[in-house]
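Engineer: this one's structure only:
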């Protein structure tokens, strides 16, 4: 958990400073209690680790976590503060990842459900095209009031979004290969992509380049550049240069916490 706290402390400071100097994103509140952009995940991840200490000991943790994810939408304050809304809305998925093991899915069954996953993905895309959903529901950083829903039954909409998200997750996971490959090793270092890519993307947004991306060819080029950027940030040279910042030796922190605990 100390690495999560360290990453949030350092990169919340770094990205806030870069925003003042370069990004100039509108509506940003500079506070350690208001996670900057993608850093909400670090704050929420830290909270999920703490919540897990409690939920691992209670009965029916998934049901309780889903009810909490729905209930938090009725909060009277801003959902982005302390990443409060996202922490509880996405916590059921963190729980699912904690309890799920690949051994639970027989290899023979995994091979058979790939086609079902492909069909399900196509059906989901068609549904999204015919019945587009306000992206704010998927961000999960807004209370129901912020989304314009003040009726008592607003939570039913979030429950429906949960169903769609679970279905989409199962479709995606059914298409993920179970065998080890080159990308398996890359997956061990995705923290570098997560923490570094926003420096480039936020700079691109600040230049206004995305306002000129309109044609399908240009959109395809953006996707290709995103893939290339991911590959570059995973390279050993980049990891070696940024390792002192992203993966420093925190042994001194562990020794300090142990000594404080003994006292």
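Structural biologist: The structure has been received and is ready for your questions. All figures in this text were calculated on a predicted structure; none of them were measured in a lab.
Engineer: what about the closest residue to residue 136 other than its chain neighbours, neighbour count?
Structural biologist: Using C-beta to C-beta, 6 or more residues apart in numbering and skipping the chain neighbours, the partner closest in space to residue 136 is residue 142 (5.2 Å). The way it works is simple: take the backbone N, C-alpha and C, and place the C-beta from them, glycine included. Residue 142 sits with 20 neighbouring residues when counted by other C-beta atoms under 10 Å.
Engineer: next one: residue 45
Structural biologist: Quick note: residue 45 (other C-beta under 10 Å) scores 18 neighbours.
Engineer: can you check residue 130 too?
Structural biologist: Residue 130: 7 surrounding residues under other C-beta under 10 Å.
Engineer: what about the residue nearest to residue 136, helix or strand, and which?
Structural biologist: When elements are defined using DSSP states H and E, residue 142 is found to belong to no helix and no strand.
Engineer: Which residues are in contact with residue 169?
Structural biologist: Neighbouring residues of residue 169 by C-beta atoms under 8 Å, 6 or more residues apart in numbering: residue 93.
Engineer: gap between the strand or helix carrying it and the chain center?
Structural biologist: Counting by DSSP H and E, the element that carries residue 169 is helix 154-175. Here helix 154-175 is found 15 Å from its chain centre; the criterion is C-alpha atoms, centre = their mean, to the nearest Å.
Engineer: got the buried residues for the next helix-or-strand element following that helix?
Structural biologist: Once helix 154-175 ends, the next helix or strand along the chain (criterion: DSSP H and E) is helix 182-187. By neighbour count, with 16 or more other C-beta atoms under 10 Å as the criterion, the buried positions of helix 182-187 are residue 186.
Engineer: wait, what's in contact with residue 70?
Structural biologist: 155, 158, 159.
Engineer: And those, which is closest to residue 235?
Structural biologist: Nearest to residue 235 among the contacts of residue 70 is residue 158, at 40.1 Å by C-beta to C-beta.
Engineer: List the residues that contact the most centrally placed residue in the chain.
Structural biologist: Nearest to the geometric centre of the chain sits residue 41, at 5.3 Å (C-alpha atoms, centre = their mean). For residue 41, the residues meeting the contact criterion (C-beta under 8 Å, 6+ apart) are residue 194.
Engineer: quick one: average pLDDT of the helix or strand residue 4 falls within?
Structural biologist: Taking DSSP H and E as the definition, residue 4 sits inside helix 2-18. If you average the pLDDT over helix 2-18, you get 92.
Engineer: Please tell me how far residue 198 sits from residue 69.
Structural biologist: 26 Å (C-beta to C-beta, to the nearest Å).
Engineer: more neighbours, these two?
Structural biologist: A count of neighbours by other C-beta under 10 Å puts residue 69 above the other of residue 198 and residue 69, at 24 against 20.
Engineer: how about the nearest residue to the more buried one, chain neighbours excluded?
Structural biologist: Residue 69's closest residue in space is residue 89 (C-beta to C-beta, 6+ apart), at 4.4 Å.
Engineer: ok, now which ones touch that neighbour?
Structural biologist: So residue 89 contacts 69, 72, 73, 140, 158 (C-beta under 8 Å, 6+ apart).
Engineer: neighbours around the fourth one, how many?
Structural biologist: By the criterion of other C-beta under 10 Å, residue 140 has 22 neighbours.
Engineer: Hmm, it is touching residue 85, no?
Structural biologist: Yes. The criterion here is C-beta atoms under 8 Å, and residue 140 meets it with residue 85 at 5.9 Å.
Engineer: list residues touching both of the two?
Structural biologist: residue 79.
Engineer: any idea how far residue 211 is from residue 228?
Structural biologist: Residue 228 sits at a distance of 21 Å from residue 211 (criterion: C-beta to C-beta).
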